[in-house]
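**Student:** model this:
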Amino acid sequence: MADIIKVYSETAPRSRFIGIRYGESDRTGGTFAPVWRSWFEHGRFSALEALVTDDWASQNPEAGSYIGLVRVKEGAPFEYWIGMLLPEGAAVPPGYDSLDLPEMNLGVCWVKGKEPDIYFQDEKVFEAIQEAGFETEKTEDGYTLLLERYQRPRFTQKDEEGQVILDVMTKIAFSEQEKAEKEEPAAEVSNEGLYYCANCRKENREVKCPDCGDRGAPLQMDDPIYIGELPGRLRNALQIAFGANEIPFNAMANLGSGFTLAAGDLFESYRVYVPFERAQEARAAFKKVFEING
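**Tutor:** Prediction:
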């Protein structure tokens, strides 16, 4: 039995999907499992993994995941691709093909269970995405997309009951608010009339800090502003979110690097600071990290 344990949306940047396209005739026993085995036996992902740049990894939270991509369109042959989402314009290695994909809003379902129960849950996925309030939509050329994302470690590490999580995604429409935010020009950031408290790392309207009482100095655009405190387990998620928007930040460990090296991030938390000129968008990205990760 498989259950959908989480539904959310994410924005995928413009990309080039590089892989190999298959059709109905490539199924064996109704599945593409033998084709996947062939990929691993022949090391076909190696050429694609070499195309994952640091910049791409910072933009794409799940860069490096293997993808099964289904494309369906009335009157067109069924397509099943195996490959990876890679940077726009990435060179296509010999023997592979590609699809150029626009920026997309994706509805994501985490399907949890044992193999093979987690597969062929398309109908449940579409129902869950619609029940979550998302509107599915086709690509500009009329295709319905369904992506299976084999994310590490969600898919590769079994829990105590032998279950894994398969991400299943489809293209959804941007909400009216998201459309407005994309069309709306960014508000000009001004430090006029603001003061900076170096003790609290905050901007204030008054010279005297209302929190600690220290006297502030005129705020500079690059002064580090305190955004909030982040649990250690979300540090990588924040780095990805900020990287996607090229927001510089500094994360100061509360317990210290010695403790973190010994015990990992389980009990650690971080104080996050960004330059004042990027503080507004950083707060929005910071909030979304918490929303996505529950």
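
**Student:** show me the shaky parts of the stretch 101-250 of the chain.
**Tutor:** Along the stretch 101-250 of the chain, the parts satisfying pLDDT under 70 run over 176-187, 244.

**Student:** again, only this time at 90
**Tutor:** Scanning the stretch 101-250 of the chain for pLDDT under 90 picks out the ranges 174-191, 230-247, 250.

**Student:** ranges for the strands of it?
**Tutor:** 104-113, 144-150, 164-172, 195-197, 202-204, 217-218, 224-231, 250-253 (DSSP state E, counting those that start in this stretch).

**Student:** so which of those strands gets nearest Pro77?
**Tutor:** Of all these, strand 144-150 sits nearest to Pro77, with 13.8 Å by Cβ to Cβ. Bear in mind the C-beta positions are built from the backbone N, C-alpha and C, glycine included.

**Student:** got the angle for that closest one vs strand 164-172?
**Tutor:** 150 degrees (axes from the mean of the first three to the mean of the last three Cα atoms, to 10 degrees).

**Student:** starting at the chain centroid, how far to strand 144-150?
**Tutor:** Counting by Cα atoms, centre = their mean, to the nearest Å, strand 144-150 is centred 14 Å from the centre of its parent chain.

**Student:** what sits up against it?
**Tutor:** 62, 65-73, 106, 122, 125, 136, 138-139, 156, 166-171 (Cβ atoms under 8 Å, 6 or more residues apart in numbering).

**Student:** and it, which residues are buried?
**Tutor:** 144-150 (16 or more other Cβ atoms under 10 Å).

**Student:** all helices of the stretch 101-250 of the chain, in order?
**Tutor:** Counting by DSSP state H, counting those that start in this stretch, the stretch 101-250 of the chain has helices at residues 122-131, 176-183, 235-244.

**Student:** re earlier: turn the buried residues of strand 144-150 into CSV, columns for distance to Gly228.
**Tutor:** Listed next are the buried residues of strand 144-150 as CSV, based on distance: Cβ to Cβ, whole Å:
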residue, distance to Gly228
Thr144, 39
Leu145, 35
Leu146, 36
Leu147, 32
Glu148, 34
Arg149, 29
Tyr150, 32
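
**Student:** with respect to Ile225, which of those is nearest?
**Tutor:** The shortest approach to Ile225 among those belongs to Arg149, at 34.6 Å (Cβ to Cβ).

**Student:** which one is the closest one nearest to, not counting chain neighbours?
**Tutor:** Closest residue to Arg149 apart from its sequence neighbours, by Cβ to Cβ, 6 or more residues apart in numbering: Asp167 at 3.8 Å.

**Student:** that neighbour against Trp110, yeah?
**Tutor:** Yes - here Asp167 lies in contact with Trp110, judged by Cβ atoms under 8 Å, at a distance of 6.2 Å.

**Student:** give me the common contacts of those two.
**Tutor:** Shared contacts of Asp167 and Trp110 (Cβ under 8 Å, 6+ apart): Arg154.

**Student:** so what's the nearest residue to Cys209 once chain neighbours are set aside up against?
**Tutor:** Computed as Cβ to Cβ, 6+ apart, the closest residue to Cys209 that is not its neighbour in sequence is Cys197, at 3.9 Å. Residues in contact with Cys197 (Cβ under 8 Å, 6+ apart) are 203-204, 209, 211-212, 214, 216.

**Student:** could I have the buried ones of those as ChimeraX selection syntax?
**Tutor:** The buried residues among the contacts of Cys197 can be selected in ChimeraX (16+ other Cβ under 10 Å) with this line:
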select :203,204,209,216
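
**Student:** of all the contacts of Cys197, which comes closest to Glu277?
**Tutor:** Closest approach between the contacts of Cys197 and Glu277, by Cβ to Cβ: Glu203, at 11.0 Å.

**Student:** give the bridge partners for the closest one, please.
**Tutor:** Tyr196 (DSSP bridges).

**Student:** now it: how far from Ala279?
**Tutor:** 8 Å (Cβ to Cβ, to the nearest Å).

**Student:** please apply the same query to Leu69.
**Tutor:** Note on Leu69: its distance to Ala279, by Cβ to Cβ, is 38 Å.

**Student:** what of Ala91?
**Tutor:** The value you get for Ala91 to Ala279, if Cβ to Cβ is used, is 38 Å.

**Student:** who's more crowded, these two?
**Tutor:** Taking neighbours as other Cβ atoms under 10 Å, Ala91 and Ala279 compare with Ala279 leading, 21 against 11.

**Student:** that one sits in which helix or strand?
**Tutor:** Here Ala279, judged by DSSP states H and E, is contained in helix 279-292.
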